[in-house]
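# Whatever this is, show me its structure:
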Amino acid sequence: MKPIVIFLITLLVPQLAIEAADPPIGVISPPELKGRDGNSQAYPGSFSVHFQQRYAAADFSNLPPGGALLREIAFRADQNAGGHFSGFLSGVQITVSTLSDSALSPIFANNKGSDAFTFIRQEETSFVASGWNDPFQLPHFGLAFGPAAPAVGGYLYDPSKGDLFIDVTGLDITFALDSYTTSQTTSVWQDPLHPFASTGLLKSEALPTLFAFVVPEPSPVALIAIGIALLCKISYTQRKEFNVTL
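The predicted structure is shown next:
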């Protein structure tokens with residue numbers, strides 16, 4: 001066996017067993033609410049049928065070039081009006097996508113990006129723990145949702161391509177979540193008077209949200225392909241040099 005082949009094998013084989021060793025990258029949107037409660041409260045029971053929210057791409061500036069894999073989305077209870085929940089929650093479906101500069105529409109179906117990815121399916125069950133209310137301590141982001149099967153990888157989000165957008169259905173809990181109001185339209189909420197309508201109410205109220213990302217590692221297939229490409233290039237170069245010397 002040629003020394004170069006042995007070298008490539010010793011280089012590739014250890015790489016095949018490597019998983020994403022880097023710690024998750026956490027992003028709180030909006031970043032100014034990382035350590036304080038929002039100026040409002042939202043009650044999921046009033047919009048559990050359907051809820052959509054847009055997050056500014058600028059909030060994800062700490063992601064590496066090309067983006068990262070979204071693995072977890074989490075909300076938190078309101079510091080003063082929230083409650084406590086600990087247990088298994090099912091029936092929630094979350095779809096994520098990337099949006100361009102177009103404005104949100106009151107028609108739910110018109111807002112999803114072309115790369116819509118089902119992050120959590122209704123049939124999946126998540127264990128969530130909102131945490132006890134403490135007036136001296138901000139609740140943690142205990143309502144966390146992530147794919148049940150890590151093998152799906154997650155959603156690759158690249159902030160350079162647009163804002164992050166989530167579409168949520170079935171988030172039916174009885175206590176208040178932390179929210180905030182802005183001067184811009186950031187969300188679409190189901191109208192409580194029309195709980196099954198295909199249109200909602202445009203709102204300037206949104207939920208502070210924690211996103212957990214991981215940097216994608218090259219897949220084993222990609223690594224093998226790189227190795228094969230290197231071997232082909234080396235073989236071609238050696239043949240070319242051999243023909244020149246004749």
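
# Please look at A42 and E205 and confirm they touch.
Yes: taking CB atoms under 8 Å as the definition, A42 is a contact partner of E205 at 6.6 Å. C-beta coordinates here come from the backbone N, C-alpha and C atoms, glycine included.

# Show me the common contact partners of those two, please.
Common neighbours of A42 and E205, counting by CB atoms under 8 Å, 6 or more residues apart in numbering, are S179.

# Looking at these two, which has the bigger crowd around it?
Taking neighbours as other CB atoms under 10 Å, A42 and E205 compare with A42 leading, 23 against 19.

# Tell me who's in contact with the residue positioned nearest the centre of the chain.
With distances taken as CA atoms, centre = their mean, the residue of the chain nearest its centroid is L70 (3.2 Å). Contact partners of L70, counting by CB under 8 Å, 6+ apart, are V96, F119, G154, Y155, L156, Y157, F211, A212, F213.

# ok so it is a helix residue?
No: counting by DSSP: H, G, I helix; E, B strand; the rest coil, L70 is not part of a helix but strand.

# Who does it form a beta bridge with?
Y155, F213 (DSSP bridges).

# now do the same end-to-end measure for stretch 40-59.
20 Å (CA to CA, to the nearest Å).

# any low-confidence regions in the chain?
Judged by pLDDT under 70, the chain has its weakly predicted residues at 1-22, 46-48, 132-133, 135-136, 148-152, 218-246.

# How are the helices of it distributed by residue range?
Counting by DSSP state H, the chain has helices at residues 3-16, 220-245.

# And A42, how far from A81?
To A81, A42 is 10 Å away according to CB to CB, to the nearest Å.

# Oops, could you answer that again for T185 instead?
Taken as CB to CB, the span from T185 to A81 is 24 Å.

# what do you get for E217?
In terms of CB to CB, E217 sits 42 Å off from A81.

# Now do the contacts for the residue nearest to L164 when sequence neighbours are not counted.
The shortest distance from L164 to any non-neighbouring residue, by CB to CB, 6 or more residues apart in numbering, is to Y55 (4.4 Å). Y55 sits next to S29, D163, L164, F165, I166, T209 when contact means CB under 8 Å, 6+ apart.

# which two from those end up farthest apart in space?
D163 and T209 (12.8 Å; CB to CB).

# quick one: P64 and F213 touch, right?
No: applying CB under 8 Å as the test, P64 and F213 come out as separate, 9.2 Å apart.

# If you count surrounding residues, which of those two has more?
F213 (24 against 12).
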